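>>> Here is the input, now give the coordinates:
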Amino acid sequence: MKKNQRVLTGITTSGTPHLGNLLGAILPAIQASKQDNTSSFLFLADYHSLIKNTDSNLTHSSSFEIAACWLACGLNPKKVIFYRQSDIPHIFELAWILGCLTSKGLLNRAHAYKAAMTVNEENGAQDLDKGITMGLFNYPILMAADILMFSADFVPVGNDQKQHIEMTRDIALKFNHYYGELLTPPVAQISKDTGILPGIDGKKMSKSYKNTIPIFSDDDVLKKIIMKIKTNSQEPGEPKDVNDCNIFKIFKSISSENDIEELQKKYEEGIGWGDAKGILFENLRDFLFPFKTEYQKIVKDRGYIESVLKQGKEKALEISTPLIEDIRKAIGIKGF
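Numbering: from 1, shown residues only. Down below sits the predicted model:
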């Protein structure tokens with residue numbers, strides 16, 4: 001029987017760790033893991049990366065970088081279960097079982113699938129499924145298996161990911177209806193403070209849009225990226241609206257209340273965009289400095305990172321093995 005509430009978070013290993021990963025997933029998850037009543041499950045979603053990426057070197061290097069990032073940002077491996085998705089074969093077995101219960105109609109409504117169809121429609125494709133893989137279409141099932149395999153009570157997500165948790169609940173309830181109460185329907189945990197962090201083009205910061213701010217880049221590279229942030233055409237001296245500004249939204253996510261108030265006043269006084277970007281760069285550089293320093297130490301010891309993930313794998317299997325055995329028995333896959 002579970003004593004603590006279980007919270008699960010994963011990051012897809014398809015690129016370099018960026019500010020959206022850090023603020024939206026990594027730091028909140030590390031903070032939650034310090035609570036006495038919480039058991040945290042944190043994983044590298046390496047098989048999810050195959051949906052949009054066929055570069056095996058990128059998948060491998062990204063897995064390493066993201067694992068190092070978690071540890072550099074203060075993750076205590078002794079207090080959490082930290083593992084690679086690919087190290088837990090039971091997840092993929094469960095995904096097949098859940099897929100046999102999931103209606104195509106449910107997957108047709110998934111945001112990612114509908115968005116891909118919309119792009120095809122806008123491009124004039126006769127076949128709206130052009131280029132859409134079964135990996136993309138079945139993505140919600142694998143995500144459900146990630147969550148249900150470890151009986152997660154809560155899954156921290158942004159508003160744009162809430163649908164996946166609702167679909168996971170639907171799938172779990174359907175399984176339980178047929179086979180008994182074995183799966184835990186999760187609840188989406190949406191922070192009031194977590195809006196959608198904009199990328200340098202104003203869209204949601206995402207590796208898919210290639211608009212991210214890498215958190216471990218050199219200062220010169222970081223400054224060049226900050227200077228590319230999209231702004232409007234207002235001139236220096238014109239009062240500016242902080243609510244409609246990508247620079248300010250990013251600044252607010254990493255700064256103290258005093259610094260936020262000071263910059264807001266400068267906006268009212270008509271600060272130029274170049275100066276505003278310069279202030280953002282300085283604050284972001286200082287904010288990231290302790291993480292970058294620790295990251296540079298950790299990446300030199302690949303053996304340590306691998307040993308941490310091996311220990312996480314063993315702890316994860318201790319939980320997934322009895323549950324998958326119960327599931328097999330419930331669905332009739334068992335010895336005579």
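>>> which residue ranges form the helices in the stretch 51-200 of the chain?
In the stretch 51-200 of the chain, the segments counted as helices under DSSP state H, counting those that start in this stretch are 56-72, 89-99, 104-108, 111-122, 134-148, 162-179.
>>> could I get those as a markdown table with distance to residue 202?
The way it works is simple: take the backbone N, C-alpha and C, and place the C-beta from them, glycine included. A markdown table is the format used below for the helices of the stretch 51-200 of the chain (distance: least, C-beta to C-beta, whole Å):
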| stretch | distance to residue 202 |
| --- | --- |
| helix 56-72 | 25 |
| helix 89-99 | 35 |
| helix 104-108 | 30 |
| helix 111-122 | 17 |
| helix 134-148 | 25 |
| helix 162-179 | 22 |
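>>> which stretches of the chain have low pLDDT?
Residues of the chain that meet the criterion pLDDT under 70 lie in 1-2, 191-195.
>>> and it, what are its domains?
Using automatic domain parsing, the domain parsing of the chain gives 5-197+302-331, 216-296.
>>> Quick one: end-to-end length of the last one, please.
Spelled out, it's domain 216-296. One end of domain 216-296 to the other measures 9 Å (C-alpha to C-alpha, to the nearest Å).
>>> Centre of the chain to it, how far?
In terms of C-alpha atoms, centre = their mean, to the nearest Å, the centre of domain 216-296 is set 23 Å apart from its chain centre.
>>> Same question for stretch 12-21.
On C-alpha atoms, centre = their mean, the centre of stretch 12-21 falls 8 Å from the chain's centre.
>>> residues of that stretch that come out buried?
Using 16 or more other C-beta atoms under 10 Å as the test for burial, stretch 12-21 gives 12-21.
>>> can you check stretch 77-89 too?
Buried, per 16+ other C-beta under 10 Å, within stretch 77-89: 77, 80-88.
>>> Now tabulate those residues in a markdown table and tack on distance to residue 325.
Shown next, in a markdown table, are the buried residues of stretch 77-89 (distance: C-beta to C-beta, whole Å):
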| residue | distance to residue 325 |
| --- | --- |
| 77 | 26 |
| 80 | 24 |
| 81 | 19 |
| 82 | 24 |
| 83 | 19 |
| 84 | 22 |
| 85 | 20 |
| 86 | 21 |
| 87 | 18 |
| 88 | 14 |
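>>> and which of the residues you listed is nearest residue 184?
Using C-beta to C-beta, the shortest approach to residue 184 within the buried residues of stretch 77-89 belongs to residue 81, at 15.7 Å.
>>> Pretty sure the closest one sits against residue 40.
Yes - counting by C-beta atoms under 8 Å, residue 40 is a contact partner of residue 81 at 7.0 Å.
>>> Report the contact partners of residue 232.
residue 244 (C-beta atoms under 8 Å, 6 or more residues apart in numbering).
>>> again with residue 304
residue 298.
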